[in-house]
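Enquirer: Test case, fold it:
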Amino acid sequence: MQPLIHLRDLVKEYRRGTERLRVLDGLSLEIGEGEFVALMGPSGSGKSTLLNLLGGLDRMTSGELTIGGLAIGELPDAALARWRADHVGFVFQMYNLLPVLTAEANVELPLLLSDLPAAERRRRARAALTLVGLEDRLSHRPRELSGGQEQRVGIARAIVSDPTLLLCDEPTGDLDRKSGDEILDLLQELNRQHGKTILMVTHDPRAAARATRQLHLDKGVLHAEVR
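Expert: Below you'll find the model as predicted:
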């Protein structure tokens, strides 16, 4: 298994007045291509901060961070935005769908940054919705969907550009157990059948058990794997 993500002595600090708040404290980690990793830890431990760094939404204070051999922390803002659009799919707890758009239009949104013609964008959006089992909900708006279906639209949006990496922040946190299990089944399918590398933040041990590896972050420090 080839390493896709490489972190070495990664530090992230924020300023609060004259004080420096260290959120991530010297993380070192490798995640292989095709792994499904669950990241657990209490609130405020730095989990979402780590996702933001891996997704190119924030920049580290010091250390090394490479994804696919590319030092993303050294990219200029415009190049980082292009890399993020091409290589990262985000799945959020609250779905973040635009209520005025149909499921198809919500999924198509990331492709508007590309040079693809409209017909190809629609084809890819429909293919992604078919993959998550919503081929019969193309024209439905979020208010016409269940929570589980909304999250499926969110996952379709995350995978429509065929990203290298899926970053999932509490993807089942707002769902009942049945819907949550269906979303976890889908993530496992994307990992096992389609080879997607997934990093999932979760508080739920049952969700974390679906991953191939479990890590624990506490007070900005990465601890031994959860068994």
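Enquirer: Give me the pLDDT for the spatially most central residue of the chain.
Expert: Most central in the chain under CA atoms, centre = their mean is residue 167, positioned 1.4 Å from the mean C-alpha point. At residue 167 the predicted local distance difference test score is 97.
Enquirer: For residue 101, which residues are in contact?
Expert: With contact set as CB atoms under 8 Å, 6 or more residues apart in numbering, residue 101 has these partners: 109, 141. Where C-beta positions appear, they are placed from N, C-alpha and C, glycine not excepted.
Enquirer: er, residue 147 I mean
Expert: Under the criterion of CB under 8 Å, 6+ apart, the contact list for residue 147 reads 95, 174-176, 179.
Enquirer: One more pass at 6 Å, please.
Expert: Residues in contact with residue 147, defined by CB atoms under 6 Å, 6 or more residues apart in numbering, are 175, 179.
Enquirer: Show me what the top helix by length along the chain is packed against.
Expert: For the chain, the helix reaching the highest residue count under DSSP state H is reported as helix 177-192. Secondary-structure packing of helix 177-192 (3 or more CB pairs under 6 Å, 6 or more residues apart in numbering; DSSP states H and E): helix 147-159.
Enquirer: Direction included, what does the next helix or strand after the helix it packs on pair up with?
Expert: On the C-terminal side of helix 147-159, the nearest following helix or strand under DSSP states H and E is strand 165-169. The pairing partners recorded for strand 165-169 under DSSP bridges are strand 88-91 (parallel), strand 197-201 (parallel).
Enquirer: Show me what the mean pLDDT comes to for the next helix or strand after the shortest one.
Expert: The one in question is strand 88-91. Past strand 88-91, further along toward the C-terminus, the next helix or strand under DSSP H and E is helix 103-108. Helix 103-108 shows a mean pLDDT of 96 in the predicted model.
Enquirer: so for the helix or strand that helix 103-108 is followed by, what's the average pLDDT?
Expert: Where DSSP H and E defines the elements, the next helix or strand beyond helix 103-108 is helix 118-131. Averaged over helix 118-131, pLDDT sits at 95.
Enquirer: could you say what helices and strands helix 118-131 packs with?
Expert: Under the contact rule (3+ CB pairs under 6 Å, 6+ apart), helix 118-131 is packed against helix 103-108, helix 147-159.
Enquirer: Specify the angle between it and helix 177-192 in degrees.
Expert: Using axes from the mean of the first three to the mean of the last three CA atoms, to 10 degrees, one finds that helix 118-131 and helix 177-192 are set 120 degrees apart in direction.
Enquirer: Show me which residues of helix 118-131 are buried.
Expert: Taking 16 or more other CB atoms under 10 Å as the neighbour-count basis, helix 118-131 is seen to contain the buried residues 121-122, 124-126, 128-129, 131.
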